[in-house]
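A.B. asks: fold the stuff below for me.
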Amino acid sequence: MLNDISSNQQVYLVTGYTDLRRSIDGLAMIIQGQLRLDPFSSALFLFCGRRRDRIKGLLWEGDGFLLLYKRLDNGQFQWPRNEIEARLLTPQQTRWLLEGLKIDQPKAIKDGKTGMIY
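C.D. replies: Take a look at the predicted model:
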């Protein structure tokens with residue numbers, strides 16, 4: 001299901017460690033209290049624990065929350081460990097993350113700046 005996220009879907013990566021024993025209410029409290037974002041938006045919020053082999057996702061569907069959980073059999077997610085913040089990911093960064101790559105690829109071609117003519 002995580003691989004089927006539409007390119008129109010906003011995805012926030014919540015950096016740092018999250019206690020994955022938290023339920024829907026606990027994760028929504030992090031989103032609203034610490035990050036100052038709206039858990040009732042149509043965005044998907046992704047959280048990762050210390051072992052980096054599991055992630056939880058929280059998504060509001062209009063009539064209730066959807067809690068997603070993914071555990072890797074082999075490998076770890078490349079998760080930023082700086083202080084807790086929410087990073088809005090591009091569809092490409094989301095794809096990289098779910099494929100086990102870092103979301104900041106130094107050799108990737110960067111988006112151009114509009115209005116710049118050489």
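A.B. asks: for K70, give the beta-bridge partners.
C.D. replies: On the basis of DSSP bridges, K70 is bridged to I55.
A.B. asks: for the spatially most central residue of the chain, helix, strand, or coil?
C.D. replies: With distances taken as C-alpha atoms, centre = their mean, the residue of the chain nearest its centroid is L13 (2.8 Å). Secondary structure for L13, judged by DSSP: H, G, I helix; E, B strand; the rest coil, is strand.
A.B. asks: wait, it touches L97, no?
C.D. replies: Yes - if you go by C-beta atoms under 8 Å, L13 and L97 touch, sitting 6.9 Å apart. For every residue, glycine as well, the C-beta is placed using N, CA and C.
A.B. asks: now do the shared contacts for the two.
C.D. replies: 46, 79, 89, 103 (C-beta atoms under 8 Å, 6 or more residues apart in numbering).
A.B. asks: so the first one touches Q10, yeah?
C.D. replies: The one in question is L46. No - the pair L46 / Q10 is not scored as a contact, 11.3 Å apart, by C-beta under 8 Å.
A.B. asks: need the pLDDT of the residue nearest to the centre of the chain.
C.D. replies: Looking at L13, its pLDDT is 93.
A.B. asks: hmm, back to that, and L46 and Q10? Which one has more around it.
C.D. replies: L46 (25 against 14; other C-beta atoms under 10 Å).
A.B. asks: what comes into contact with the helix or strand containing the more buried one?
C.D. replies: Using DSSP states H and E, L46 maps to strand 44-48. Strand 44-48 has contacts (C-beta under 8 Å, 6+ apart) with 5, 9-14, 17-18, 20, 22, 27, 30-31, 37, 39, 54-59, 68, 77, 79, 86, 97.
A.B. asks: swap the cut-off to 6 Å and go again
C.D. replies: When contacts are defined by C-beta atoms under 6 Å, 6 or more residues apart in numbering, strand 44-48 is touched by residues 9, 11-14, 18, 31, 55-59, 77, 79.
A.B. asks: what does stretch 17-29 give?
C.D. replies: Applying C-beta under 6 Å, 6+ apart, the contact partners of stretch 17-29 are 39, 47, 49-50, 54, 56, 58, 65, 67.
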